[in-house]
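Student: Model the following, please.
(chains A, B, C and D)
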Protein chains: 2
Amino acid sequence: MGKKGESKINQEVSDKYSLRGRVFQVIREKILSGEYKHGEELKETALASELGVSRTPVREALRQMELEGLVKIIPNKGASVIGITAEDMEDIYSMRSLLEGLCAGFAAERINEEQLDKLEEIAYLTDFHVKKGNLEKLYELDNQFHEVMYEASGSRMLKHVLSDFHHYVERVRKASLLSPGRSQMFNEEHKAILEAIREKDRGKAERLANAHMKNTIANISEQGLEKNV
Amino acid sequence: MGKKGESKINQEVSDKYSLRGRVFQVIREKILSGEYKHGEELKETALASELGVSRTPVREALRQMELEGLVKIIPNKGASVIGITAEDMEDIYSMRSLLEGLCAGFAAERINEEQLDKLEEIAYLTDFHVKKGNLEKLYELDNQFHEVMYEASGSRMLKHVLSDFHHYVERVRKASLLSPGRSQMFNEEHKAILEAIREKDRGKAERLANAHMKNTIANISEQGLEKNV
DNA sequence: AAATGTATTATTGTATACAATGATACACAA
DNA sequence: TTGTGTATCATTGTATACAATAATACATTT
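Tutor: Numbering: from 1, shown residues only, chains lettered A, B, ... in the order given. The predicted model follows:
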């Protein structure tokens, strides 16, 4: 923290991240949630004082997001929001269809007991919140399910890419939960994938995960993707 | 540049990048080429004076590479090289098999005349350098071919991921060119993909690009991947 | 000798100073 | 009015200063 010691973010996020790390997360979340819109200029000074820190951590965070493509930086001019467009979302789902399949296939061969248990627990808990219609919780559980799957693939690269993608599409994922019956259906799909993994059936896990993404795409387009981004 | 104005990198890289951008490229290349090895500590001060700049651009570059996973940063401790392991390379080729297929498929539907011409020119020139056995040039042309393909996919996300992957495997790609007859073969494969794209045959382009990756994997494992990384 | 505590040093984290670049507004001339 | 030049201001780029943290070496105690 700076001398002032007045950081807003320090209060809401645990200290396990560095100041820059927290700044990064805050700005990134605001871009992905749509609070910072495409084309909006991100002035270092403004962000710094808004977050109660100096320009340095803000700059570092912006540079990281430039690498991801979430922000465009024009030298000597400044940073502006790119974010994730409707087109990006479509492309991400095309890629995810393939990569989630690959991931589930790997997981079928490499998952350990602890991870299997964790997935089972998540699926079980999800059933509960589906009945309750607790959307915020469902979103969180979907995150957890996929994170454990990515971890279970045993591939650092796959995990990295899929985690990013999963975050990038947060808006359509949230919107898709609003679709009646969809949350029930997606958990059934998760459980089917989990079953295939438990049986160590790589091909089946791959096909099911692939289908899971295709169903999600279908569901989103029914609602009209463009409305969600 | 700093007050000293003695940057080494300023002399070898054009000024179209910012100082930080150039620092980033230099360090990244040293990691990907294997000059900076896994586990090696990257001290900000040392890098800064080595490159003739201050710590600021070095820090920003290191933070970007942390996001990519090329570098590990432990808070208050420092940065160390992660780089790309043999396992990463395998996983990347698994992912590329799928994604290069998707990319070629997109390109078949979206490529424009200029890009087609460019690909043709590259393939033609590659034939020339295959005969000459000019490995450095072949490597460069392979980069160009894939970059144009990625661009032709019309997908920012796909391009981003595939470009990174393509760079990450630079060491095995270079090694693979040493394999007798491989450079000839890979250009034939490139030309076949190009032909399918020209015919707007999405499925064919997809299958061929997929096979191109699988052949590359086979070729690499014949030589023994582990020797190359 | 082994373990523990403490002083010292090295290194990173953050803030700030200064330089350089680009944007803006306004005066002035055609 | 329109265009152009110039002064001013805002913003970024880089360097450096200072604070905080972690590593190291050494002394002290048992």
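Student: for chain A, what helix or strand is lowest in average pLDDT?
Tutor: Within chain A, no helix or strand scores below helix A:9-12, which has a mean of 32 by mean pLDDT, DSSP states H and E.
Student: Which element is encountered next along the chain beyond it?
Tutor: helix A:19-32 (DSSP states H and E).
Student: what comes into contact with that following helix?
Tutor: Residues from elsewhere that reach helix A:19-32, judged by Cβ atoms under 8 Å, 6 or more residues apart in numbering or on different chains: A:1, A:7, A:9-10, A:13, A:17, A:36, A:42, A:47, A:51, A:53, A:56-58, A:60-62, A:64-65, A:70-71, A:81, A:83-84, A:167-168, A:170-171, B:63, B:75. (C-beta placed from N, C-alpha, C; glycine too.)
Student: For the next helix or strand after it, name the packing helices and strands.
Tutor: Per DSSP H and E, helix A:19-32 leads on to strand A:41-42 as the next helix or strand towards the C-terminus. Packed against strand A:41-42 by the contact rule (3 or more Cβ pairs under 8 Å, 6 or more residues apart in numbering or on different chains; DSSP states H and E) you find strand A:78-81.
Student: what's the average pLDDT for the strand or helix carrying A:Glu60?
Tutor: A:Glu60 is located in helix A:55-68, with elements delineated by DSSP H and E. For helix A:55-68, mean pLDDT rounds to 94.
Student: Is any residue of that helix near DNA strand C?
Tutor: Yes - Helix A:55-68 reaches DNA strand C (Cβ under 7 Å from any atom of the strand) through A:55-57.
Student: who wins for neighbours among these?
Tutor: With neighbours taken as other Cβ atoms under 10 Å in any protein chain shown, the top of the residues of helix A:55-68 next to DNA strand C is A:Pro57, carrying 21 neighbours.
Student: Report how many residues lie close to A:Lys77.
Tutor: Neighbours of A:Lys77 (other Cβ under 10 Å): 9.
Student: I'd like the distance from it to A:Glu41, if you could.
Tutor: Going from A:Lys77 to A:Glu41 by Cβ to Cβ, to the nearest Å gives 9 Å.
Student: what helix or strand is the residue most central in space within chain A on?
Tutor: When Cα atoms, centre = their mean is applied to chain A, the residue found nearest the centroid is A:His167 (1.8 Å). Element membership for A:His167 (DSSP H and E) is helix A:156-168.
Student: tell me which residues in that helix are buried?
Tutor: By 16 or more other Cβ atoms under 10 Å in any protein chain shown, the buried positions in helix A:156-168 come out as A:156-162, A:164-166, A:168.
Student: The helix holding A:Glu60 close to chain B?
Tutor: Yes - with Cβ under 8 Å from any Cβ of the partner chain as the criterion, chain B is reached by helix A:55-68 at A:56, A:59-60, A:63-64, A:66-68.
Student: and what of stretch A:93-104?
Tutor: Yes - counting by Cβ under 8 Å from any Cβ, chain B is contacted by stretch A:93-104 at A:94-95, A:98-99, A:102.
Student: List the buried residues of that stretch.
Tutor: Using 16+ other Cβ under 10 Å as the burial criterion, the residues of stretch A:93-104 that qualify are A:93-104.
Student: do the same with stretch A:166-182
Tutor: Of the residues in stretch A:166-182, A:166, A:168-177, A:182 count as buried by neighbour count, 16+ other Cβ under 10 Å.
Student: and these, which two are the farthest apart?
Tutor: Pairwise distances across the buried residues of stretch A:166-182 (Cβ to Cβ) peak at 19.6 Å, for the pair A:Tyr168 and A:Arg182.
Student: what about A:Glu106, distance to A:Asp142?
Tutor: For residue A:106 the amino acid is Phe, not Glu. Between A:Phe106 and A:Asp142 the distance is 20 Å, computed by Cβ to Cβ.
Student: ok, these two, which is more surrounded?
Tutor: Neighbour comparison, A:Phe106 and A:Asp142: the larger count goes to A:Phe106, with 24 against 21 (by other Cβ under 10 Å).
Student: what's the helix or strand for the more buried one?
Tutor: Here A:Phe106, judged by DSSP H and E, is contained in helix A:86-110.
Student: so how far is that helix from its chain's centroid?
Tutor: Here helix A:86-110 shows a centroid-to-chain-centroid distance of 13 Å under the convention Cα atoms, centre = their mean, to the nearest Å.
Student: which is the next helix or strand following it?
Tutor: Heading C-terminal from helix A:86-110, the first helix or strand you meet, by DSSP H and E, is helix A:113-132.
Student: Would you mind listing the buried residues in whatever helix or strand comes next after that following helix?
Tutor: Using DSSP H and E, the helix or strand that follows helix A:113-132 towards the C-terminus is helix A:135-152. Residues A:138-139, A:141-152 are the ones in helix A:135-152 that count as buried (16+ other Cβ under 10 Å).
Student: which of these are close to DNA strand D?
Tutor: Among the buried residues of helix A:135-152, proximity to DNA strand D is found for none (Cβ under 7 Å from any atom of the strand).
Student: Can I get those residues in TSV including pLDDT?
Tutor: Listed next are the buried residues of helix A:135-152 as TSV, based on pLDDT from 0 to 100:
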residue	pLDDT
A:Leu138	94
A:Tyr139	94
A:Leu141	96
A:Asp142	96
A:Asn143	96
A:Gln144	97
A:Phe145	97
A:His146	97
A:Glu147	97
A:Val148	98
A:Met149	98
A:Tyr150	98
A:Glu151	98
A:Ala152	98
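Student: Good, we can wrap up now.
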